[in-house]
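> Provide a 3D model corresponding to the input given below.
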Amino acid sequence: MVPHHAYYLYRLEHGLSAAEQRAVDQRTGELAAALADARSTVTHSCAGCSAP
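Residues are numbered from 1 along each chain as shown. From the prediction side, this is the model:
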């Protein structure tokens, strides 16, 4: 089931509970770690480019 846009408006107006905010923070940290890992494994191979 996909939440209705009214739910998102309600959440925007009322904020997240402490538990919801902790869950969001955890997922954000996991995503940041995954992106950092992906960036460290990708090599740049553009001919003549000075980018790292």
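> could you pull out the helices for this protein?
For the chain, the helices defined by DSSP state H cover 5-14, 18-41.
> could you give the angle of the shortest one to helix 18-41?
Following axes from the mean of the first three to the mean of the last three Cα atoms, to 10 degrees, one obtains 100 degrees for the angle between helix 5-14 and helix 18-41.
> what is the mean pLDDT for helix 5-14?
On average, the pLDDT along helix 5-14 is 87.
> ditto for the longest one
The average pLDDT for helix 18-41 rounds to 92.
> packing partners of that helix?
In terms of contacts (3 or more Cβ pairs under 8 Å, 6 or more residues apart in numbering; DSSP states H and E), helix 18-41 is packed against no helix or strand at all. All C-beta atoms are positioned from the backbone trio N, CA, C, and that covers glycine.
> please save the CA atoms from it in PDB.
Extracted C-alpha coordinates of helix 18-41, given in PDB (Å, rounded to 0.1, in the frame of the first residue of the first chain):
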ATOM      1  CA  ALA A  18      12.000  10.000  18.100                       C
ATOM      2  CA  ALA A  19      11.900   6.300  16.900                       C
ATOM      3  CA  GLU A  20      11.100   7.300  13.400                       C
ATOM      4  CA  GLN A  21      13.900   9.900  13.400                       C
ATOM      5  CA  ARG A  22      16.400   7.300  14.700                       C
ATOM      6  CA  ALA A  23      15.400   4.900  11.900                       C
ATOM      7  CA  VAL A  24      15.900   7.600   9.300                       C
ATOM      8  CA  ASP A  25      19.300   8.600  10.800                       C
ATOM      9  CA  GLN A  26      20.400   5.000  10.700                       C
ATOM     10  CA  ARG A  27      19.300   4.500   7.000                       C
ATOM     11  CA  THR A  28      21.000   7.700   6.100                       C
ATOM     12  CA  GLY A  29      24.200   6.600   7.700                       C
ATOM     13  CA  GLU A  30      24.100   3.200   6.000                       C
ATOM     14  CA  LEU A  31      23.500   5.000   2.600                       C
ATOM     15  CA  ALA A  32      26.400   7.400   3.200                       C
ATOM     16  CA  ALA A  33      28.700   4.400   4.000                       C
ATOM     17  CA  ALA A  34      27.600   2.500   0.900                       C
ATOM     18  CA  LEU A  35      28.200   5.600  -1.300                       C
ATOM     19  CA  ALA A  36      31.600   6.100   0.200                       C
ATOM     20  CA  ASP A  37      32.500   2.500  -0.400                       C
ATOM     21  CA  ALA A  38      31.200   2.700  -4.000                       C
ATOM     22  CA  ARG A  39      33.200   5.900  -4.600                       C
ATOM     23  CA  SER A  40      36.400   4.200  -3.300                       C
ATOM     24  CA  THR A  41      36.000   1.300  -5.700                       C
END
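> nice, that's everything, thank you.
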